[in-house]
Structure formats: C-alpha cells, structure tokens
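1. can't give you the sequence, but here's the structure:
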RNA sequence: UGGGGAAUCGUCUAGCGGUAAGACUGCGGACUCUGACUCCGCCAACCUAGGUUCGAGUCCUAGUUCCCCAGCCA
C-alpha cells in the first residue's frame, strides 16, 4: 500500500499557526476519552490523529480522562482505555491526566466567574430550566435567580459544595444570553449537584463540572494548543471560547472539529454497544464482531493495521461512511506480510492414499512464508489418511473448477500430486464420506520431474497427526449497511445471523499445539486466524480475523 | 420556520484561479505450489442556476440536499 503524506485541513491550520509563531511554535494535543465505555475504532481515528500530529510536529499528546460524570464512569473503563491506547502503539510518557485532578482549580475558577458577575446559582428545577431555555426558534427567558448578588451566589455555591442541597435542586449557571440563537449560550449549566461516588475522587465532591466548562479548562491547564474534537461540538466552540476568555486563561486552546468515523454494517455508538452487551446480543465488549478495539484485538486485528487504516481514510469535515472493505484490506495487507502460513482444514473430507503405506509418516518441508524466506520453514506430517476441504472436491465439477475431481490430478500443498478414483458415500444419505486416491511418489514436495503441471493446489492435513480445533468465523455484525440511521432500531432484528459461525470439527497441523495468543497465522487458502483466549490445554480455538480474497467464491456465486 | 456545519468517481480523500489526482471497490489481463500475494491495464466524480475572469471544483450571488443543536451526558 502506498504511503501518502497526510494532508488535511487540521495540518493546514497548524502550519499557519506555526508560520505566525502562535503558541511559541509549540504543538500540544490530547486524547480525552470519557471512561464510560470501551474504546472503538472511531476512537482509534481520534487517537491516531492526535498522536500523529504531536509526533509530526515535534509536540506532545496527553492522555486525559474526561471524568466529570461519576454516574456513568468506572475504573474498569479507565484501565481498559489505558491498555488499549498502549496496545494501539501510542505513548503519552508521564502525561496521564484526569479532569478530576483539576476539580479544585475549576472550583476556584468558578468562584472567579461568580465574582466577575458572569455566573449565578439557579434554583430552577431541571424541568423548569428546560422550559426557560426556549426552543430552536423561540428565545428563552431569564431565570428569576439570574440577578442574585455576588455575595449570595458565593454563599450558595460554597454551600452547594458543602452538600447542603439536594441533587438537582440548584445549579451554577453562566450568565450569557437567554436569547442567543445558539442554544449552548443560553445560560449553560456549569456545575450540578450530584451525590455520587466518583471513581477517582470518591466522595470528596458532590458538585461536578459540566463538559463545556471542564473540557476547555482542562485543555488550557495542560497548555493544549489544538483541541481536536468531533463535529457535534462545533456549536459549543463559542462557549469553549467564552469560558477561556472570561477567565482570562493564559493558554487559549483552539478547538478544531472533524468528522467522526462511521463504518458500514456496524455501529459506533457507545450507548448501542452497551445495549448489545447487556442484552447478550454479543458475548461481551470484547466480542470479536464488535468494532471495539478490544474486540478487534481478540479477533486478531493487528494495531498496525488499524493505524494504517486511520491514515488511509483521512480527516475532513464531511460526514461519511467508510466501507468495511477498506478496513479488511488494511488488515490483509499487514497480515499478508507478517502472518506465518500453516495448513488447516475447516470442513474435513477424509481421503485415503491407497498406494501410500499404512504405517508410514513422511515429514515434508513447508515454508512458513513463501515470499519471505526469513520466516523459515517447518515439517508437516504426510500419512496414508488425510483430510482435505469439502469444498475442494466436486463429483461433478462446474466449469472453471480446478480442484479435486474424479480422474484429474491436483497437488497437495508442499506434498504430492494425487488423483481420485473412487467416491465412498453414505448409502443412506448419499453424503460423500471418503475419497479413494493414489499419489505419485515422484512428485514429492510438489514438483513433477517430468515437468507436468497441475492447475490446482489444495490444502490438507494428516488425519492421524492433525489436531482437532474449533474455529470461529466472523462476518459483519448487521445485515443493515447503516444501522445508525435507524432511530431506536430493534438491533436484535438486524443482527447478521452469520456474524458468528462456529465450526467444531476442524483439523489443524500439529505444530499449532504451540500456538500463542499473539501469533499471526494464515491458514493457507482460507484466511488469517489467531488463537482465541478461550483456548486451553484441552481445546484449540481459533478466530478468523479476515478471509483471503476469494475470486473463485465470487465466480461461483455469479 | 433560529443557529452551526458539509456537498468532488460506487466509497473515502486530495485540489487553495491554470491539464480534476490517489486509495478502496468493480471490470479485464499477466504471474502463481495459496483461485492468495504481486504486476499491468480499464471504468468512474466537481449539488443546481446565474455571475466575475482569458480561464472557476476553487471567487461572488441565489437556491437545493444532507448532518448537528432545545441533557443538571460527553
């Protein structure tokens, strides 16, 4: 895949800033997840963007948890996010921060806002606040508490902190403009009362800052120069700026918005992802069908492939939906170069090589990567009884089929040329249960001394020497290309019934007894696979990360 | 019907007044001990209408379509 030098509107903004010596020529970004769920491929786009910008401009990128809503957040998520960003391949050095680290400072700054007459304590209930806010087309009206004295506001706010008032009974609001066409500027709430235990600050606080207030301040306190977020925050920018201006923050970070990632046949919404997990529509957050990074990792997707993907899709302000095929292509591209080749049979069909001795086992050489000799090779056992793929035999071959049929010669990968002369069927069902074949001993290793060619090469394993395995095949999660557009869709109804197919009678070459969880494997002619963490001493379990491109499969269908 | 954004091959993305480019997909072909990989070739786009200009995807005007905003979520 060709390396293209990333060029996007954000880089252009930074270039201009650098030319103007803004921020003393520094670039500082941050990735600011809320620890209320697991990271998904959409977050990866943001992570890659922020860390790449820092790297390319000789700056820094912080990891900062936006942990301002204790009711939804959890240490479990914090830990997962830290592990996942690290797994993706990024390093924030000692710059791991939490918005909650700034709670005291934010409180002080809120006091400053009150003292300058720019914030007030409001006694309106949540319902009343909504009524007073007006609508998209009608202006709101001022809260009756809007003109409290600074002294009273200071007193009330400190008592809010002290826990004197019930949840929701009071809030601190910015005094801006209830008639603003931008809803975010209609006296937005800065602090709410929430008696909840915070994952990090415990019960120290019962008031928590809102996103708009906390985020800009966190950026500023960390001297973030370019605060990159997604499009839906575009009309929050005036508020972001308002706080930094009113508080005369020494560092005024610049918020820049880009379009979030959408992938077809899946969803990125953390809310929906959570629902899928809770309704047991998927096994967990790390279900390999999910676009969560933990799920993709379990599926065997290498972090490098995800990073390449994020580079490839670019960054812009256009809403878009990326075809799953682009991701798959990135995965194949990486795995093609880095996966060891092995032989495995997913749907075994027994064949007997009649002219091969009963008790003999030959050890044959097989390259671990045909294009890359540095991978070396391994030995694979060849015996009289073998398994081949059911799909690789046709009693009555269709046009263009050049695998095994009666009387036609094919090559067993790295082994011998064989011919089939008899089909054994289950007399009751007509199902083919065994093939009687002969091999040509002169073709050991897969070459004929007389130079004759065969068109087909098929994979195989030794029947007695191979290992039993379970193999899980994955496909797109949904049958619907854009599930997100279906408001409150019945996701259960659009789950792809073939999104998970579990094959329990698979056979793999014996060397796979030693497979490790991070091994990248190609089962030749089938796809890329990895060991699943469900595997144990008794049972091998493999996940198919992605299939190989299947030109024949396409021809067959059409 | 308020405000904020976005419109370029089927899908993403580039373009910064001077021959519309790349990637993915698709379709041909070559090669092949993986119907894989690799290689070669082909198809394919500027939302509409006006205007400015020698010249407009790019600038101006007016439309159209799509996305976001009325959480004490982020």
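-> Cool, the structure landed. Everything quoted here is computed from the prediction, not taken from an experiment.
2. May I see the buried residues of stretch A:310-330?
-> If you call a residue buried by 16 or more other CB atoms under 10 Å, then stretch A:310-330 has these buried ones: A:310-315, A:322, A:324, A:327-330. C-beta: built from backbone N, CA, C; applies to glycine.
3. How about the residue of the stretch 201-350 of chain A found nearest RNA strand B: what's its closest non-neighbour residue?
-> Among the residues of the stretch 201-350 of chain A, residue A:314 lies nearest to RNA strand B; the distance is 2.8 Å by CB to the nearest atom of the strand. Nearest in space to residue A:314, with sequence neighbours left out and distances taken as CB to CB, 6 or more residues apart in numbering, is residue A:8 at 6.2 Å.
4. Contact partners for that neighbour?
-> A:314-316 (CB atoms under 8 Å, 6 or more residues apart in numbering).
5. got these as TSV, with pLDDT and secondary structure columns?
-> Shown next, in TSV, are the contacts of residue A:8 (pLDDT from 0 to 100; DSSP: H, G, I helix; E, B strand; the rest coil):
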residue	pLDDT	secondary structure
A:314	96	coil
A:315	97	coil
A:316	97	coil
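6. residues in contact with stretch A:317-333?
-> With contact meaning CB under 8 Å, 6+ apart, stretch A:317-333 is reached by A:1, A:9, A:41, A:231, A:257-259, A:261-266, A:301-302, A:305-306, A:308-309, A:312-313, A:476, A:481-482, A:528, A:545-546, A:548-549.
7. Can you select the buried ones among the residues you listed for me in ChimeraX?
-> In ChimeraX syntax, the buried subset of the contacts of stretch A:317-333 is picked out as below (16+ other CB under 10 Å):
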select /A:41,257,258,259,261,262,263,264,265,266,301,302,305,306,308,309,312,313,476,528,545,546,548
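8. pLDDT at the closest residue to RNA strand B within chain A, what is it?
-> Closest approach of chain A to RNA strand B (CB to the nearest atom of the strand) occurs at residue A:446, with a separation of 1.9 Å. Residue-level confidence at residue A:446 comes out at 96, pLDDT.
9. burial count for it?
-> Other residues within reach of residue A:446 by the criterion other CB atoms under 10 Å amount to 16.
10. for chain A, which spans come out with low pLDDT?
-> Flagging of chain A using pLDDT under 70 yields the residue ranges A:1-5, A:485-489.
11. Skipping adjacent residues, who's closest to residue A:10 in space?
-> For residue A:10, the nearest residue in space outside its immediate sequence neighbours is residue A:256; the separation is 5.6 Å by CB to CB, 6+ apart.
12. Please look at that neighbour and residue A:12 and confirm they touch.
-> No: the pair formed by residue A:256 and residue A:12 falls short of the contact definition of CB atoms under 8 Å, at 10.6 Å.
13. got the contact list for residue A:216?
-> For residue A:216, the contact set (CB under 8 Å, 6+ apart) comprises A:227, A:240-241, A:243-244, A:253, A:255.
14. Give me the subset of those that lies in helices.
-> Counting by DSSP state H, the members of the contacts of residue A:216 that fall within helices are A:240-241, A:243-244.
15. can you pick the most crowded of these?
-> Most neighbours among the ones in helices among the contacts of residue A:216, by other CB under 10 Å: residue A:240, with 25 neighbours.
16. where does the residue of the stretch 201-350 of chain A closest to RNA strand B fall, phi/psi-wise?
-> Phi and psi for residue A:314, reported as degrees, to the nearest 10, are phi 80, psi 180.
17. Helices of chain A, residue ranges please.
-> Per DSSP H, chain A carries helices over the ranges A:9-19, A:41-56, A:75-88, A:103-115, A:126-133, A:150-162, A:211-221, A:237-246, A:270-278, A:293-299, A:303-313, A:324-338, A:491-494, A:551-557.
18. Nearest approach to residue A:420 belongs to which of these?
-> Residue A:420 sits nearest to helix A:551-557 of all those, at 19.1 Å, using CB to CB.
19. what about the closest one and RNA strand B, any contact?
-> Yes: between helix A:551-557 and RNA strand B, judged by CB under 7 Å from any atom of the strand, the touching residues are A:551-552, A:554-555.
20. in that helix, what's buried?
-> For helix A:551-557, using 16+ other CB under 10 Å, no residue counts as buried.
21. just how off-centre is it within its chain?
-> Here the centre of helix A:551-557 is set off from its chain's centre by 29 Å, with CA atoms, centre = their mean, to the nearest Å.
22. Same question for stretch A:304-314.
-> 12 Å.
23. now swap in stretch A:532-548 and tell me
-> Per CA atoms, centre = their mean, the centroid offset for stretch A:532-548 relative to its chain is 19 Å.
24. and it, is it in reach of RNA strand B?
-> Yes: among the residues of stretch A:532-548, residue A:548 lie within reach of RNA strand B under CB under 7 Å from any atom of the strand.
25. start to end distance for that stretch?
-> Terminal residues of stretch A:532-548 are spaced 19 Å apart (CA to CA, to the nearest Å).
26. Contacts for that stretch next, please.
-> Contacts of stretch A:532-548 from elsewhere in the structure, counted by CB under 8 Å, 6+ apart, are A:288, A:298-301, A:328, A:331-332, A:335, A:344, A:467-474, A:506, A:508, A:512-513, A:515, A:517, A:521-523, A:525-531.
27. So which of those reach RNA strand B?
-> Restricting those to those near RNA strand B - CB under 7 Å from any atom of the strand - leaves A:332, A:522, A:525.
28. Count the neighbours of residue A:518 for me.
-> Number of residues near residue A:518 (other CB under 10 Å) recorded here: 10.
29. give the contact list for it.
-> Shown here is residue A:518, whose contacts under the criterion CB under 8 Å, 6+ apart are residue A:530.
30. So which bits of stretch A:119-128 are buried?
-> For stretch A:119-128, by 16+ other CB under 10 Å, it's A:119-122, A:124.
31. Is RNA strand B within reach of it?
-> Yes: in terms of CB under 7 Å from any atom of the strand, part of stretch A:119-128 sits within range of RNA strand B, namely A:122, A:124-126.
32. re the thing from before, nearest to residue A:393, of the buried residues of stretch A:310-330?
-> In terms of CB to CB, no member of these lies closer to residue A:393 than residue A:328, at 28.2 Å.
33. How much space separates the closest one from residue A:255?
-> As defined by CB to CB, to the nearest Å, residue A:328 lies at a distance of 34 Å from residue A:255.
34. Any chance of a PyMOL selection covering the buried ones in the contacts of stretch A:532-548?
-> Selecting only the buried entries of the contacts of stretch A:532-548 in PyMOL, with 16+ other CB under 10 Å as the criterion:
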select buried, chain A and resi 288+298+299+300+301+328+331+332+335+344+467+469+470+471+472+473+474+506+508+512+515+521+522+523+525+526+527+528+529+530+531
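35. Tell me which of the contacts of stretch A:532-548 fall in strands.
-> Applying DSSP state E to the contacts of stretch A:532-548, the entries found in strands are A:344, A:467-474, A:506, A:508, A:521-523, A:527-531.
36. possible to save the buried residues of stretch A:310-330 as a markdown table with distance to residue A:282?
-> Formatted as a markdown table, the entries for the buried residues of stretch A:310-330 read as follows, by distance: CB to CB, whole Å:
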| residue | distance to residue A:282 |
| --- | --- |
| A:310 | 24 |
| A:311 | 28 |
| A:312 | 27 |
| A:313 | 25 |
| A:314 | 29 |
| A:315 | 29 |
| A:322 | 21 |
| A:324 | 17 |
| A:327 | 18 |
| A:328 | 19 |
| A:329 | 24 |
| A:330 | 23 |
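37. Just list the residues touching residue A:413, thanks.
-> The contact partners of residue A:413, by CB under 8 Å, 6+ apart, come to A:343, A:366, A:446, A:457-460, A:524.
38. How about the contacts made by the residue lying closest to residue A:44 once chain neighbours are set aside?
-> Computed as CB to CB, 6+ apart, the closest residue to residue A:44 that is not its neighbour in sequence is residue A:306, at 5.2 Å. By CB under 8 Å, 6+ apart, the residues touching residue A:306 are A:41, A:44, A:48, A:88, A:293, A:296, A:330.
39. one more time with 7 Å
-> Contacts here follow CB atoms under 7 Å, 6 or more residues apart in numbering; on that basis residue A:306 touches A:41, A:44, A:88, A:296.
40. Okay then, goodbye and thanks.
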